[in-house]
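In: When you get a sec, could you give me coordinates for this:
(2 chains)
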Amino acid sequence: MGVGSFFTSKLDEAIGWARKYSIFQYPFVTACCGMEYMATACSHYDIDRFGAGLPRFSPRQADVLFVVGTISQKMAPVLKRIYDQMTEPKWVVAFGVCTCTGGFYDNYATVQGIDTIIPVDVYIPGCPPRPESVIDGLMKLQDKIATQTQRF
Amino acid sequence: MQGGQILQRLRDRFGGAVVDTHEHRGDATLVVDRGTLVDALRFCRDEPTLGFDVLMDLTAVDYQRYPGREDGPRFDVVYHLYSLAQNHRVRVKVRVDEDDAAVPTAVDLWPIANWFEREVWDMFGVHFSGHPDLRRLLMYEEFVGHALRKDYPINRRQPLIGPKQ
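Out: Numbering: from 1, shown residues only, chains lettered A, B, ... in the order given. I've put the predicted structure just below:
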């Protein structure tokens, strides 16, 4: 193993460590899951412990797209555009069963999972997911960010 | 005015054009011929003793495969009227066939009918002739079919629409 490759791997780790504790999320909140998202974000569960305490309300300043709530067919192009507006590196969290699979809305109006529109990194099931599930998903996302090949 | 009196007043006025009337626990219903619909609605609004100044709701019912209605007209278009001054209500229905699913518009009588009729067109595919702007209200324009018809499959998937250019 050459010196260069060893060094590159450590730089990856350093960047991954920095990135996983500086998550700026864009909450794309459309439905009731938003209440559970707010509960998680507030002081009792406190996602600030994970460096994710500062939501940005512009996709251009955000790293992680939190899709929270049912996505209708009419909303799909909006979600796609928001995702396209985010700068790299970016990750997507599907929050709640509606975003994961469409949930029980197996009907004419609802997108059957947002992964039909945009790539998803972490799925958090639940209707709505409890804050513990959200924090679990957030920590899984942190692991993913920390261990992936960093592009910069 | 009691429901029975309202129906009696309408029967007296429109006679043969009234297909059916019934009353159940205070809910009076008038089923009227399509050709007389607008006249009947206008009479309901303008006749002082009736005074139905509010169109509470306008919707439709798909009776396809409904017991007893298999051969009959497929759709009912339903108008719920309310009088603020008199505090009484009436329901007006008109029956239309699938082949000729069109009803004259009520926009001239109650402006709120504009969006109600657009919703009924969107969901049931019942046309409202004379409507100023009959576009889909809830679904997007690329949507194929009418979602609340009984023969619309529950799990039919529509093609995804891209961002507007």
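In: any idea which helix or strand carries the spatially most central residue of chain A?
Out: Residue closest to the mean C-alpha point of chain A, counted by Cα atoms, centre = their mean, is A:V93 at 2.8 Å. Element membership for A:V93 (DSSP states H and E) is strand A:91-95.
In: re earlier: which strand residues bridge the residue nearest to the centre of chain A?
Out: A:F66, A:V122 (DSSP bridges).
In: and it, what is it in contact with?
Out: A:25, A:64-67, A:120-124, A:137-138, A:141 (Cβ atoms under 8 Å, 6 or more residues apart in numbering or on different chains). All C-beta atoms are positioned from the backbone trio N, CA, C, and that covers glycine.
In: next one: B:C44
Out: B:C44 touches B:L10, B:L50, B:F52, B:L81, B:V90, B:V92, counting by Cβ under 8 Å, 6+ apart.
In: Skip the chain neighbours and tell me the closest residue to it.
Out: In this structure, B:C44 finds its nearest non-sequential neighbour in B:F52, 4.3 Å apart by Cβ to Cβ, 6 or more residues apart in numbering or on different chains.
In: and that neighbour, what is it in contact with?
Out: For B:F52, the contact set (Cβ under 8 Å, 6+ apart) comprises B:C44, B:R45, B:L81, B:Y82, B:S83, B:V90.
In: What separation do you get for the fifth one and B:R9?
Out: Same thing as B:S83. B:S83 sits 13 Å away from B:R9, going by Cβ to Cβ, to the nearest Å.
In: overlap in contacts of the two?
Out: Contacts common to B:S83 and B:R9, judged by Cβ under 8 Å, 6+ apart, are B:L50.
In: need the residues of chain A near chain B, please.
Out: Proximity of chain A to chain B (Cβ under 8 Å from any Cβ of the partner chain) is limited to residues A:73-74, A:76-78, A:80-81, A:84, A:106-109, A:111-112, A:116-117.
In: do that again at 7 Å, thanks
Out: Within chain A, the positions near chain B by Cβ under 7 Å from any Cβ of the partner chain are A:Q73, A:K74, A:A76, A:P77, A:K80, A:R81, A:D106, A:N107, A:Y108, A:T116, A:I117.
In: And the strands in chain B?
Out: B:18-24, B:27-32, B:54-62, B:75-83, B:88-96, B:102-104, B:127-129 (DSSP state E).
In: any chance of those strands in JSON lines, plus mean pLDDT and distance to chain A?
Out: Output for the strands of chain B, formatted as JSON lines (pLDDT from 0 to 100; distance: least, Cβ to the nearest Cβ, whole Å):
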{"stretch": "strand B:18-24", "mean pLDDT": "90", "distance to chain A": "31"}
{"stretch": "strand B:27-32", "mean pLDDT": "93", "distance to chain A": "30"}
{"stretch": "strand B:54-62", "mean pLDDT": "94", "distance to chain A": "14"}
{"stretch": "strand B:75-83", "mean pLDDT": "94", "distance to chain A": "19"}
{"stretch": "strand B:88-96", "mean pLDDT": "94", "distance to chain A": "23"}
{"stretch": "strand B:102-104", "mean pLDDT": "93", "distance to chain A": "23"}
{"stretch": "strand B:127-129", "mean pLDDT": "93", "distance to chain A": "20"}
